[in-house]
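Asks: Here you go, sequence then predicted model.
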Amino acid sequence: MIGAGELNTVDLAISLVKTYPKLGVTEDINNNYAIKLLAHKPSAFMSSKSFVFWKRWIYDSCIKISDRELEDEKIIKVELRRDLESNTMQHQPPSDVPEFKHIHDAKLQHDQAVELLNCIFIEIPKLSKQQLETIGLDKAIYDAIKHGMFEFIDEIIELYPEILWRKDKKGRTLFANAIVLRQEKIFNHVFRLGEKQRLTLLRHDIFRNNFLHLAAKLSPPSRLDHISGAALQMQRELQWFKELRRILPPKFEEELNENNRTPASLFSHEHKELMKEGEKWMKNNAASCMVVATLISAVMFTSAFTVPGGIDEKTGSPIFLRSNAFLVFVIANSLSLFSSSTSVLVFLGVLTSHYAEKDFLQSLPAKSILGLFTLFFSIVTMMVAFGSAIFITLQERLAWVSIPVIILSTVPIAFFTLLQFPLLIEMLVSTYCCRIFDKSPNQT
């Protein structure tokens, strides 16, 4: 929760900068500038928040911060009280009101931080090149990109469009640093600003790296750590490289940097260790899942010939052949055997793969997705077969015992879901639902 004191401090800063415009680009007693301090405070902006969907909906749709609230914190309480009496708040249960106020205060802080940025950046175009270097503009922008503070970049582009062509000491533009730091939300600006701004894509840095060379470099650890497993990290790196190659001129693929490396050669060199780790991670995961799938296949194959209730000695048919529960057992057993066998074969294909760079983009993740899904399905159907077998065996004398046993049989399914399903979902999203850039190069 944002305290009233903190909100008052931001209000005071905004008022001072509005009254004394130069204050925002003036050095303080600690030799710092406001722009530098804000670039190191991502918590003040929405880009640092990861609200769940219903909180994000409240943040975007239900809360509107008025200009008066941004100028005087006292009116926050009045507006919040008014909101509590409004129709919007009446849809929220009373227990959710504190959470609503927390979201309200967070949005108020974000809006105040953006307004403070606006007050500071208005002065940026008035400064000389030397003054911009003195206040550390390039470093502040780099830090803002590093922390994914797209509000910071939004504001400075709007008030100082020339920043798009400005190069830092390494000869890299704002968008070049967005590639190096793997900040797709910031780089996506190039698609929204039109053809003129896309000319910045044709720039090279002092090391003769074009944008494809920069995409070939290894991501910072802070970005890779957000992705589960070295194989998916390698996949993400390939997606960046592929997307940049799609939007850049073909000649960029043949250009050499100062180390006489093409982008493809640089990518292989930079990702040599990550590819080895990805291969190891994928093989270990496949081997572990393959053991489980093999055990399930063996159990299901055996149980197919030792049916519950036994076999009639005269006819050779199962005693409970006409029982509905027996039909459920047969179907579940068959599905479990087929799916577990499929899982074994798929994971065998993963283990025997060539593990080339391009395999990490879609082939290996797709095989892992299929293997995990069929393994999960085989576990579910195995538990169904087990439950129906217990019911058939105990239905005449101890039918009540079968109910808790069947309920307990869901425990392995729950554990598998908790431990492996998040990985399966992440693979699905990263392989089939993930687009780094918002638009195709033909769109403006």
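Replies: Great, that's in hand.
Asks: any idea how this protein splits into domains?
Replies: Domains of the chain are assigned by automatic domain parsing as 4-166, 281-433.
Asks: residue ranges with poor pLDDT in the stretch 251-400 of the chain?
Replies: Across the stretch 251-400 of the chain, residues meeting the criterion (pLDDT under 70) sit at 309-322, 396-400.
Asks: now the helices: where do they sit in it?
Replies: 263-270, 272-303, 324-351, 363-394, 399-408 (DSSP state H, counting those that start in this stretch).
Asks: Of those, give the one that comes closest to residue 103.
Replies: Nearest to residue 103 among the helices of the stretch 251-400 of the chain is helix 363-394; the distance by CB to CB comes to 35.4 Å. Where you see a C-beta, it was placed from the backbone N, CA and C, and this is true even at glycine.
Asks: for the closest one, packing partners?
Replies: The contact analysis (3 or more CB pairs under 8 Å, 6 or more residues apart in numbering; DSSP states H and E) places helix 363-394 against helix 230-247, helix 272-303, helix 324-351, helix 399-408, helix 410-428.
Asks: one step back: out of the helices of the stretch 251-400 of the chain, which one sits most buried?
Replies: helix 363-394 (a mean of 21; mean count of other CB atoms under 10 Å).
Asks: relative to helix 410-428, how tilted is that helix?
Replies: 160 degrees (axes from the mean of the first three to the mean of the last three CA atoms, to 10 degrees).
Asks: Pull the contacting residues for residue 127.
Replies: 25, 135 (CB atoms under 8 Å, 6 or more residues apart in numbering).
Asks: Please renumber the chain so that the first residue is 20 from this point on.
Replies: Sure, I'll start counting at 20 from here, so that last one is residue 146.
Asks: Could you tell me what pLDDT the model assigned to it?
Replies: pLDDT recorded at residue 146 is 85.
Asks: Give me the phi and psi angles of it.
Replies: Note on residue 146: its backbone torsions stand at phi -90, psi 150 [degrees, to the nearest 10].
Asks: Distance to residue 223 added to the helices and strands packed on helix 382-413, as JSON lines?
Replies: Formatted as JSON lines, the helices and strands packed on helix 382-413 follow (distance: least, CB to CB, whole Å):
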{"stretch": "helix 249-266", "distance to residue 223": "14"}
{"stretch": "helix 291-322", "distance to residue 223": "24"}
{"stretch": "helix 343-370", "distance to residue 223": "40"}
{"stretch": "helix 418-427", "distance to residue 223": "64"}
{"stretch": "helix 429-447", "distance to residue 223": "35"}
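Asks: Let me know whether residue 182 touches residue 160 as I believe.
Replies: Yes: using CB atoms under 8 Å, residue 182 is in contact with residue 160, at 7.3 Å.
Asks: Common neighbours of these two, please.
Replies: 175, 193.
Asks: Counting neighbours around each, name which of the two comes out higher.
Replies: Ranked by neighbour count (other CB atoms under 10 Å), residue 182 and residue 160 place residue 160 first, with 23 against 20.
Asks: Tell me the confidence at the more buried one?
Replies: On the pLDDT scale, residue 160 is placed at 91.
Asks: thought it was touching residue 168?
Replies: No: taking contacts as CB under 8 Å, residue 160 lies outside contact range of residue 168: 9.8 Å.
Asks: can you list residues touching both of those two?
Replies: Joint contacts of residue 160 and residue 168 (CB under 8 Å, 6+ apart) are residue 58.
Asks: Distance to residue 195 for the helices of the stretch 270-419 of the chain - can I get that in TSV?
Replies: As requested, the helices of the stretch 270-419 of the chain are exported to TSV (distance: least, CB to CB, whole Å):
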stretch	distance to residue 195
helix 282-289	14
helix 291-322	22
helix 343-370	36
helix 382-413	29
helix 418-427	58
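Asks: And those: which comes nearest residue 153?
Replies: Each of those has some distance to residue 153 by CB to CB; the shortest is helix 282-289, at 34.4 Å.
Asks: Kindly export the closest one (C-alpha atoms) in PDB.
Replies: Extracted in PDB, the C-alpha atoms of helix 282-289 (Å, rounded to 0.1, in the frame of the first residue of the first chain):
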ATOM      1  CA  PRO A 282      25.100 -12.700 -37.500                       C
ATOM      2  CA  ALA A 283      24.500 -16.400 -37.900                       C
ATOM      3  CA  SER A 284      28.200 -17.200 -37.000                       C
ATOM      4  CA  LEU A 285      28.000 -14.800 -34.000                       C
ATOM      5  CA  PHE A 286      24.800 -16.500 -32.800                       C
ATOM      6  CA  SER A 287      26.400 -19.900 -32.900                       C
ATOM      7  CA  HIS A 288      29.400 -18.600 -31.000                       C
ATOM      8  CA  GLU A 289      27.500 -16.800 -28.400                       C
END
